[in-house]
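>>> Sequence first, then the predicted structure, then my questions.
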Amino acid sequence: MIRTLALRTLVVVACLGMGAALAPAVCAADAWEVVPLDRNTSSAEAYRVHARVLATPGGMRPGGHGYVRVQVINPTQEAHRIGVTLATQGSGTACSHRRSFTVAAEGTSTVDLPLLATRNGLAVNFTFNGYAAPGQVWVGRGMSRGRRAVSVMTLTAPGGGGEYWHKYLEKQAARIRGGAKVSLYARKPAELPAAWSLLAGFDLVVVDGATLTPAQETLLSRYVASGGALAFRAEDAAADGALDRMRRSFDVEGVARKPRSGWYGLGRWHVLESAPPNAALHDWLAEGAAGGTAVLSRVIRSHAGGAPDTFWLPLQIPGVGAVPTGVFFILILLFAVVVGPVSYIYFRRRRRLPMLLVSIPLLGVLCTGAILGYGIFSEGFGVTGVVRSFTVLDQGEHVASSYTASTLYAGLQPSALEPRPESVVQCASFTADFARYRGRGSRGVLHVDLDAGYRMAGAILPSRTPTPFLATTVGRARQRLRFRRRADDSLELLAAPDFAPVSGSGSVLLRTKEGAYYLLGASGFLTPLASGAADRFEKIVSAAASLPLGGGDIVEDEYWGARVRYVSSQDITRVAAGQVSLGQWLGGHVPFLPPGSYLARMKQPPLREDYGLDIEYRAEEHVVLGLLGPEDVLDD
């Protein structure tokens, strides 16, 4: 009995010790792992050239990703060529990112690699001067199973409150419908990546007492514009810096002051008070503030990122998969008639019935070939597709933030996709269970060449398979709509040919700085809304996104559960008349029209993501929410 009690005591103590050891890792997970790269040494104390690896996983839901920082230290007197590969392990989708660089003599090189959410874990492998290095580091776990997780990064002062934020956010996340846990990563400002796209997988970033450089402030403002959520203290933002300008750029009430929380681009931000988190922060996180949706509610979505789930639904491409049943019926009927009585009568009269053994198979091959040829040539050998996008265009700052959802169909598989440098690309084929999406037994392969920008090769767009893509883009845009006042109180629309609204009335809805609403009419001019329509519009309350952007029918789909049949838009006049919620029409993003802005259906978006392909779009829909600059409304 004493021995049994002693063993039980040892087990309990060991478990407690293990839990204490693991507890900080759940919150911080900031331990660098060291990997020797010099093949001539094996002792951990004797290696010369070595790498340090720090993993910061983002949202581990489909479409989510974080980043891996690799730092190579070379104390030798000669330069070395280093190769880094981040690849999935095990069965299912094979995904790899490759990057190569030269580390100078007695120098240090640092690179950041995207860490995608996959079904299996990921590992970092190295090559040293062309030879495989012995070390390997596991950096990524599989996608979340069971309870959903909110991905949070905190940037605090040395010895800051990472653990405090973890406990606070865990308490708030537990109140979400269905419950959620928090995956929090405490990082130093110096450990931020150089590109905002590597932060796109995080649901929330908190800056609490950290000192940021101007470049880091710009990085975080671009993260917010891409759909992220940022909480920071006012004293953390430099005067007239990127965060300070972001705070002033979207005043919901149209008043010249700095609000406590608001929207910027596709994302949202909140300024922390000096006191510990209070009711204002709680409302912003869990209840929603300023008419917007709650930050923590995004974990309810089945996919990572700021885009609503409807942007992930595959779009039906007109003409692809359409079968001319009438033509095929006539062809098969003729085949049956010719093969049957006609052939029999013909060869019987000539006393050559054995020829039926040749003619019937030959006619069968010709009929089948005609059907197969129609299927091949009718859909062509190029790339076709449909696309829809929603863009927030800040005409004063010349910054555009957009979600672009497209479904592409390639007659022949392209060798590679080359997205814009300022885009984050998410694709169903490698963020979901590839075998289940493509069919049992299939295996997808994705290779990303980071030396060539972000060149995506492999089975990213397989032939004869409609494939949905989602791209988040934040970049510079010079396009703009301008308006000129006329003597009769109407407004003339001034638009360049390459950035113009679709033809017809109701394609542009404008709210002036004074709060008056104007709608584009059949005359080509914007006229004021009637007082009753304006009153109804003012009373619109934001609603959760239950409709796809631009309307369209939703039909059942085998894998995703739904598919958008087409992308034709509801008319903006329905929004202006209060017949449909602006929050629903915009997919839950920016559910109000602020003073000095417009809503327009455009022929072309400010930033188009075509993945470096020549695509024939058979249907497209582009909605732009534009924020006017001081010079965009002219007097007659």
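Cool, the structure landed. Numbers count the residues shown, from 1 in each chain.
>>> From now on I want contacts and neighbour counts done on CA atoms only, so please keep to that.
Noted.
>>> How about Pro75, nearest residue that isn't a chain neighbour?
Glu106 (4.4 Å; CA to CA, 6 or more residues apart in numbering).
>>> And that neighbour, how far from Thr76?
According to CA to CA, to the nearest Å, Glu106 stands 6 Å off from Thr76.
>>> swap in Ala210?
Distance from Ala210 to Thr76, by CA to CA: 35 Å.
>>> repeat for Pro114
Taking CA to CA, one finds Pro114 at 29 Å from Thr76.
>>> out of those two, which sits in the busier spot?
When Pro114 and Thr76 are compared for neighbours, Pro114 comes out ahead with 23 against 13, by other CA atoms under 10 Å.
>>> just checking, the more buried one touches Ala200?
No: in this structure, Pro114 is not within contact of Ala200 by CA atoms under 8 Å, at 10.3 Å.
>>> Spit out the residues that contact the two alike.
65-66 (CA atoms under 8 Å, 6 or more residues apart in numbering).
>>> how many other residues sit next to the residue nearest to Pro75?
13.
>>> quick one, what contacts it?
By CA under 8 Å, 6+ apart, the neighbours of Glu106 are 73-78.
>>> now it: how far from Ile73?
Taking CA to CA, one finds Glu106 at 8 Å from Ile73.
>>> quick one: which helix or strand includes His166?
helix 162-173 (DSSP states H and E).
>>> what's in contact with that helix?
Contacts of helix 162-173 (CA under 8 Å, 6+ apart): 27-28, 150, 154, 156, 179-182, 184, 186, 282, 285-286, 296.
>>> buried residues in stretch 446-458?
By neighbour count on 16 or more other CA atoms under 10 Å, the buried set for stretch 446-458 is 446-449, 454-458.
>>> Show the end-to-end separation of that stretch, please.
OK, stretch 446-458 end separation, CA to CA: 5 Å.
>>> gap between that stretch and the chain center?
Relative to the centre of its chain, stretch 446-458 is centred 17 Å away, using CA atoms, centre = their mean, to the nearest Å.
>>> Next, please give the residue ranges for the helices of the stretch 1-150 of the chain.
For the stretch 1-150 of the chain, the helices defined by DSSP state H, counting those that start in this stretch occupy 2-27.
>>> so where is it shaky, pLDDT-wise?
1-30, 39-47, 59-64, 89-94, 117-120, 140-148 (pLDDT under 70).
>>> what about the strands in it?
If you assign secondary structure with DSSP state E, counting those that start in this stretch, the strands in the stretch 1-150 of the chain sit at 33-36, 50-56, 65-74, 80-88, 94-103, 107-116, 122-128, 131-140, 148-156.
>>> Could you dump those strands into CSV and include distance to Asp236?
Formatted as CSV, these follow (distance: least, CA to CA, whole Å):
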stretch, distance to Asp236
strand 33-36, 30
strand 50-56, 23
strand 65-74, 24
strand 80-88, 34
strand 94-103, 34
strand 107-116, 25
strand 122-128, 35
strand 131-140, 31
strand 148-156, 10
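>>> Of the ones you listed, flag the one that's most buried.
Stretch with highest mean neighbour count among the strands of the stretch 1-150 of the chain: strand 148-156 (a mean of 25; mean count of other CA atoms under 10 Å).
>>> Give the other helices and strands that it contacts.
The contact analysis (3 or more CA pairs under 8 Å, 6 or more residues apart in numbering; DSSP states H and E) places strand 148-156 against helix 162-173, strand 180-187, strand 204-208.
>>> Direction-wise, compare that strand with strand 65-74 and give the angle.
50 degrees (axes from the mean of the first three to the mean of the last three CA atoms, to 10 degrees).
>>> can you offset everything so residue one is 31?
Noted, 31 is the first residue going forward, which turns the last one into strand 178-186.
>>> what about strand 178-186, distance to the chain center?
With CA atoms, centre = their mean, you get 18 Å for strand 178-186.
>>> still on that earlier bit, adding distance to Ile362, write the helices and strands packed on strand 178-186 out as TSV.
As requested, those are exported to TSV (distance: least, CA to CA, whole Å):
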stretch	distance to Ile362
helix 192-203	61
strand 210-217	57
strand 234-238	60
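>>> Tell me which of these sits nearest to Thr157.
Of all the helices and strands packed on strand 178-186, strand 210-217 sits nearest to Thr157, with 27.8 Å by CA to CA.
>>> Now that closest one: average pLDDT?
Averaging pLDDT along strand 210-217 gives 84.
>>> Equivalent analysis for stretch 365-372, please.
84.
>>> Just the buried residues of that stretch, please?
In stretch 365-372, counting by 16+ other CA under 10 Å, buried: 365-366, 368-369.
>>> Return the closest of those with respect to Leu664.
Leu664 lies nearest to Phe365 out of these, by CA to CA, at 70.2 Å.
>>> residues touching the closest one, list them.
393-394, 397 are the contacts of Phe365 under CA under 8 Å, 6+ apart.
>>> Where neighbours are concerned, which of those has the most?
Cys397 leads the contacts of Phe365 on contacts (other CA under 10 Å) with 17 neighbours.
>>> Name the helix or strand for the nearest residue to it once chain neighbours are set aside, please.
In this structure, Cys397 finds its nearest non-sequential neighbour in Phe365, 7.1 Å apart by CA to CA, 6+ apart. Assigned by DSSP H and E, Phe365 belongs to helix 355-367.
>>> List the buried residues in that helix.
361, 365-366.
>>> where does that helix sit relative to the chain's centre, distance-wise?
On CA atoms, centre = their mean, the centre of helix 355-367 falls 46 Å from that of its chain.
>>> cool, and stretch 433-441?
14 Å.
>>> how about Phe262, what does it touch?
Per CA under 8 Å, 6+ apart, neighbours of Phe262: 236-238, 299-302.
>>> likewise Tyr628?
Going by CA under 8 Å, 6+ apart, Tyr628 touches 538-541, 654-658.
>>> Understood, closing this out.
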